[in-house]
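S.K.: show me how the following folds:
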Amino acid sequence: MTRYLKIFIWPLWIGVLCWPFMGLKGAGITAIALAAVFLVFKLLSKDQGIKSKPVDLSSVTAVLNKLPQKAWLALGLAALAALPFLLNKYYLDVLITAGIYIVLALGLNIIVGLAGLLVLGYIAFYAVGAYAYAILGTQYHLSFFVALPLAALLALLFGFVLGLPTLRLRGDYLAIVTLGFGEIVRIVLNNWDGLTGGPNGIMGIPKPALFGLSLGRQPHLYLLVLIMIGLVSFLIGRLNDSRLGRALVAMREDETAARACGVDTTRLKMLAFGLSAAVAGMMGVVFAAKMNFVSPESFTFWESVMILCMVVLGGMASIPGVILGALVLVVIPEWLRPVQNYRMLIFGASMAAMMVFRPQGLIPSKRRKMELED
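M.R.: Prediction:
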């Protein structure tokens, strides 16, 4: 069996498991979607090119094995782009929510996975972006695509505000300070009635529109989120392979040694906070446009914990791992709604088992995997 045929075994098995809960159609669509995701992961990961080797299988297998890598990538992307036309509104809404969390987890991966700084108030930057678009869209009638960079810039400034007083902190102390920052932002949003609407939030947030064409329907939002996942993944991948990325990893491993080697850890920490916050602020705009409503209840401490779990579960500093971790923690709880009385029990037991048997994550980065094995 060739490497590409193996991709379809796990999606098929998951589809069989989902059959009793989702029916034949839902299970089939789930299996197709997972196969497309696994195919894209395989082609985007390093050292996964198609190598020529002799095969003694059927002619169909030989033809599949000779297809160029770009053809497989195009096939996977086409399958992902076709999902809005195959899924009903409920499943499509779940996928859009999963896409938002994927980008949030990728942003947190910059500061947790690459820089090694434990942040528990990440949801505050998400809230800043969501409320920025809510205020700009309802009071000043700015369009979605104008508010998107403005909210990202505002969240970046908040990242600098948080980063400056925490430059000397690491570990538990940094986690406590960022946790306090997240709670401060939520309490301010809850009590500043004149600007944020207080507990009632802000309603009537406009949908995205481009040149007079409304992009507020679910298929449009899905494709928008899919494009943002690709863009953010590409940029973080480039950062990971750059001199700055290697300096961030050096700081994560030993900040004192990195500083002794000439690495400007102060600048790197500010860069990590700023980039991570900008990504969260950008997705806050998408969340506000999707829901047409924001309130402080959407930005609690539990949301920060969930995003951190996505990074740890998938594999810190691993882009495919973080994407898979976010999908697992968003999609699987929806599948378990028929057994919702036991859903959190299953979730907690699964996380505990992962920490014991696979602490490096589902798809760990090569460097991180070697560190844990040593």
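
S.K.: might one say that L142 is in contact with L136?
M.R.: Yes: counting by Cβ atoms under 8 Å, L136 is a contact partner of L142 at 4.3 Å. Any C-beta I mention is one placed from the backbone N, CA and C, and that applies to glycine too.

S.K.: need the overlap of contacts for these two.
M.R.: L150 (Cβ atoms under 8 Å, 6 or more residues apart in numbering).

S.K.: show me which of those two is the more surrounded one.
M.R.: L136 (22 against 18; other Cβ atoms under 10 Å).

S.K.: tell me which helix or strand the more buried one sits in.
M.R.: helix 123-139 (DSSP states H and E).

S.K.: please apply the same query to L148.
M.R.: For L148, the element it lies in under DSSP H and E is helix 144-163.

S.K.: am I right that Q360 falls within a helix?
M.R.: No: assessed with DSSP: H, G, I helix; E, B strand; the rest coil, Q360 is coil; it does not lie in a helix.

S.K.: can you list the domains in this protein?
M.R.: 1-87, 88-373 (automatic domain parsing).

S.K.: residue contacts, the residue most central in space within the chain?
M.R.: For the chain, I102 is the residue whose C-alpha lies nearest the centre (Cα atoms, centre = their mean; 1.8 Å). Residues near I102 by Cβ under 8 Å, 6+ apart: 229, 322-323, 326-327.

S.K.: and of those, the nearest to G281?
M.R.: I229 (16.3 Å; Cβ to Cβ).

S.K.: what angle separates the helix or strand containing that closest one from helix 144-163?
M.R.: Assessed by DSSP H and E, I229 sits inside helix 218-241. For helix 218-241 against helix 144-163, the angle by axes from the mean of the first three to the mean of the last three Cα atoms, to 10 degrees is 40 degrees.

S.K.: list the buried residues in the helix or strand just after helix 218-241.
M.R.: Next helix or strand after helix 218-241 toward the C-terminus (DSSP H and E): helix 243-253. For helix 243-253, the neighbour count (16 or more other Cβ atoms under 10 Å) marks 244-245, 247-252 as buried.

S.K.: please apply the same query to stretch 174-181.
M.R.: Using 16+ other Cβ under 10 Å as the test for burial, stretch 174-181 gives 174-175, 177-179, 181.

S.K.: would you map the strands across this structure?
M.R.: For the chain, strands defined by DSSP state E occupy the ranges 202-203, 209-210, 213-214, 293-294.

S.K.: for the ones you listed, which one sits closest to G163?
M.R.: Short answer: strand 293-294, nearest of the strands of the chain by Cβ to Cβ, at 24.8 Å.

S.K.: which elements pack onto the closest one?
M.R.: helix 123-139, strand 202-203 (3 or more Cβ pairs under 8 Å, 6 or more residues apart in numbering; DSSP states H and E).

S.K.: mind putting these in TSV, distance to M291 and mean pLDDT included?
M.R.: Putting those into TSV (distance: least, Cβ to Cβ, whole Å; pLDDT from 0 to 100) gives the following:
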stretch	distance to M291	mean pLDDT
helix 123-139	9	94
strand 202-203	10	92
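
S.K.: buried deepest among those, which one?
M.R.: By mean neighbour count, with neighbours taken as mean count of other Cβ atoms under 10 Å, helix 123-139 ranks first of these at a mean of 26.

S.K.: give me the distance from that one to the chain's centre.
M.R.: Mean-position distance between helix 123-139 and its chain equals 19 Å (Cα atoms, centre = their mean, to the nearest Å).

S.K.: which strands and helices lie in contact with that helix?
M.R.: helix 144-163, helix 171-191, helix 193-196, strand 202-203, helix 265-291, strand 293-294, helix 301-314.

S.K.: nearest to A82 among those would be which one?
M.R.: That would be helix 265-291 among the helices and strands packed on helix 123-139, by Cβ to Cβ, at 20.8 Å.

S.K.: let's have the helices and strands packed on strand 293-294 in CSV, adding distance to A35.
M.R.: Output for the helices and strands packed on strand 293-294, formatted as CSV (distance: least, Cβ to Cβ, whole Å):
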stretch, distance to A35
helix 123-139, 31
strand 202-203, 40
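
S.K.: between these, which gets nearest to G361?
M.R.: So among the helices and strands packed on strand 293-294, helix 123-139 is nearest, using Cβ to Cβ, at 21.3 Å.

S.K.: low-confidence stretches in the stretch 51-200 of the chain?
M.R.: 51-75 (pLDDT under 70).

S.K.: ignore the last one, the stretch 201-350 of the chain
M.R.: Those would be 339-340, 343, if you go by pLDDT under 70 across the stretch 201-350 of the chain.

S.K.: give me every residue that touches V331.
M.R.: Counted by Cβ under 8 Å, 6+ apart, V331 has contacts 94-95, 98.

S.K.: go with 6 Å
M.R.: A98 (Cβ atoms under 6 Å, 6 or more residues apart in numbering).

S.K.: against S214, how distant is it?
M.R.: 27 Å (Cβ to Cβ, to the nearest Å).

S.K.: please apply the same query to V225.
M.R.: 17 Å.

S.K.: who has more neighbours out of these two?
M.R.: Just comparing V225 and S214: by other Cβ under 10 Å the higher neighbour count belongs to V225, 21 against 11.

S.K.: related to what we said a few turns ago, which parts of the helix holding I229 are buried?
M.R.: Quick answer for helix 218-241 (16+ other Cβ under 10 Å): 218, 220-226, 228-229, 232-233, 236, 239-240.
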